[in-house]
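Compute the structure for the input listed below.
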Amino acid sequence: MRFTILAWIDVASLIASTVVAIGVAKAGYGYWALVAMTVSIPFTGSIGLWLASAWVPGAPHRGIGIRSMMRFGGTLTLSGLVFYVATNFEKVLLGRFWGAEALGIYGRAYQLIRIPTDNLNSAVGDVAFSAPLAHPT
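Residues are numbered from 1 along each chain as shown. The predicted structure is shown next:
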C-alpha cells in the first residue's frame, strides 16, 4: 500500500531509462538506444523496489516446499501460453490470408480499442496486488 513510493520508483526508472537511451543514441548506436531503454526500465525499477523494501537475499533453505511452487508456476505458465495462443491466433490467420497491411491496420485498431481497458486493469491490478499485503493474517 506504499503507492507514493511505487509511483516515484516508476517515474525514476522511466527518467533513468530515458537518460540511458539518449546517451546510447548520442554515442551513435542508433536503434540500440530503444533496446537499452526497454532493458533499463525493469532493471532500474527492480533496483528501486529492492532499495525501498530493504530486502537482503540469504542462503537457500531445504524443505520449503519448492515442488508445490514449481507445479503452481508451471500450471500458471502453461495456462498463460494457451491463453496467448488463443487470443493471438486470429492475427496469424489474418496475416497469412490477408497480408501484412491488413494485419497492421487490425493490430492498430485492436490496440486503440484496448487502451481504456488496459489502463483500468493496470490501476486495479496495482491496488488489488498490494491490498493483501496490507492486512496480514
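
in the lengthiest helix in the chain, what counts as buried?
Secondary structure of the chain per DSSP state H: the longest helix is helix 100-134. By neighbour count on 16 or more other C-beta atoms under 10 Å, the buried set for helix 100-134 is L103. From N, CA and C alone the C-beta is placed, and that goes for glycine too.

Can you list the buried residues in stretch 3-22?
By 16+ other C-beta under 10 Å, the buried positions in stretch 3-22 come out as L6, I9, D10, S13, A16, S17, V20, A21.

what's the lowest-pLDDT member of the residues you listed?
Scanning the buried residues of stretch 3-22 for pLDDT, the smallest score is found at L6, 86.

surely it meets D126?
Yes - in terms of C-beta atoms under 8 Å, L6 counts as a neighbour of D126; the distance is 7.3 Å.

which other helices and strands contact the longest helix of the chain?
Counting contacts by 3 or more C-beta pairs under 8 Å, 6 or more residues apart in numbering; DSSP states H and E, helix 100-134 packs against helix 3-26, helix 66-98.

I'd like those as CSV, with distance to W55 appended.
Below are those laid out as CSV (distance: least, C-beta to C-beta, whole Å):
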stretch, distance to W55
helix 3-26, 14
helix 66-98, 18
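
Grab the nearest non-local neighbour of the residue nearest to the spatial centre of the chain.
What sits nearest the mean C-alpha location of the chain, by C-alpha atoms, centre = their mean, is P42, with 7.9 Å. Closest residue to P42 apart from its sequence neighbours, by C-beta to C-beta, 6 or more residues apart in numbering: S13 at 7.8 Å.
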